[in-house]
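Q: using only what follows, build the 3D model:
(chains A and B)
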Amino acid sequence: NAGVMQNPRHLVRRRGQEARLRCSPMKGHSHVYWYRQLPEEGLKFMVYLQKENIIDESGMPKERFSAEFPKEGPSILRIQQVVRGDSAAYFCASSPPGGEPTDTQYFGPGTRLTVL
Amino acid sequence: SQKIEQNSEALNIQEGKTATLTCNYTNYSPAYLQWYRQDPGRGPVFLLLIRENEKEKRKERLKVTFDTTLKQSLFHITASQPADSATYLCALVRTGGFKTIFGAGTRLFVKA
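A: Residues are numbered from 1 along each chain as shown, chains lettered A, B, ... in the order given. I've put the predicted structure just below:
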């Protein structure tokens, strides 16, 4: 059973461009979370999604950021018109259905976004 | 405001000794607390979960305690090994919530 997969692992964008980060949860997992991590800082919750639904997006900036988890395909975190401050590691995690949704989260390897 | 604090200074210990890491929180009523390990350039890996009605949890060489009165969790690694060197993250989930709140982590170095 493959783990959580994220791609690309490294992404370089110029200011003003769009960044699309993909996350494929573990097989059978229906909960997906996105986090951002700056150097020497902890992970900051961004959004929690279930299939086709955004459950909690309280950690997501109001502008330029959006997330989706369609019925088919990976979850996408989209950052429009990137700025240098968006440079960070973005981690996706998934957890299985049933039980508490945040009981055990399985993290992907992350996407390191660099904005030039 | 809500806060989770982990010792920002790195912890250096000798192989074979017990490493103890601290997690303190304020203004939370956590349903449960988790500990994760993170290696450089990688995603966190789940280690242990302890619920608010539990005092202690063990898994192999790992032990976690949870004191809701002191608002503190201690994470112990006994018989530490150089391979235990990593950053350890504490995380809280509030009662009735979905959001996981992470501390900044404590870096552990185990010397041979």
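
Q: and for residue B:73, the neighbour number?
A: Residues near residue B:73, counting by other CB atoms under 10 Å in any protein chain shown, number 26. Quick note: C-beta positions are derived from backbone N, CA and C, even for glycine.

Q: is it correct that residue A:57 is in contact with residue A:46?
A: Yes. Residue A:57 is within contact range of residue A:46, at 7.5 Å (criterion: CB atoms under 8 Å).

Q: between those two, point out the one with more neighbours.
A: Shown here are residue A:57 and residue A:46; by other CB under 10 Å, residue A:46 has more neighbours (22 against 17).

Q: quick one: which helix or strand includes that one?
A: strand A:43-50 (DSSP states H and E).

Q: in what helix or strand does the most centrally placed residue in chain A lie?
A: What sits nearest the mean C-alpha location of chain A, by CA atoms, centre = their mean, is residue A:34, with 3.3 Å. Residue A:34 belongs to strand A:31-37 when assigned by DSSP H and E.

Q: between residue A:57 and residue A:46, which contacts overlap?
A: Listed as contacting both residue A:57 and residue A:46 by CB atoms under 8 Å, 6 or more residues apart in numbering or on different chains are residue A:67.

Q: which positions in chain A make contact with chain B?
A: Applying CB under 8 Å from any CB of the partner chain, we find that chain A lies next to chain B at A:4, A:33, A:35, A:40-45, A:48, A:55-56, A:58-59, A:91, A:93, A:100-110.

Q: got the contact list for the closest residue to residue A:53 other than its chain neighbours?
A: Take residue A:53 and drop its neighbours on the chain: the residue closest to it by CB to CB, 6 or more residues apart in numbering or on different chains is residue A:69, 7.6 Å away. By CB under 8 Å, 6+ apart, the contact set of residue A:69 is A:32, A:49-54, A:75-76.
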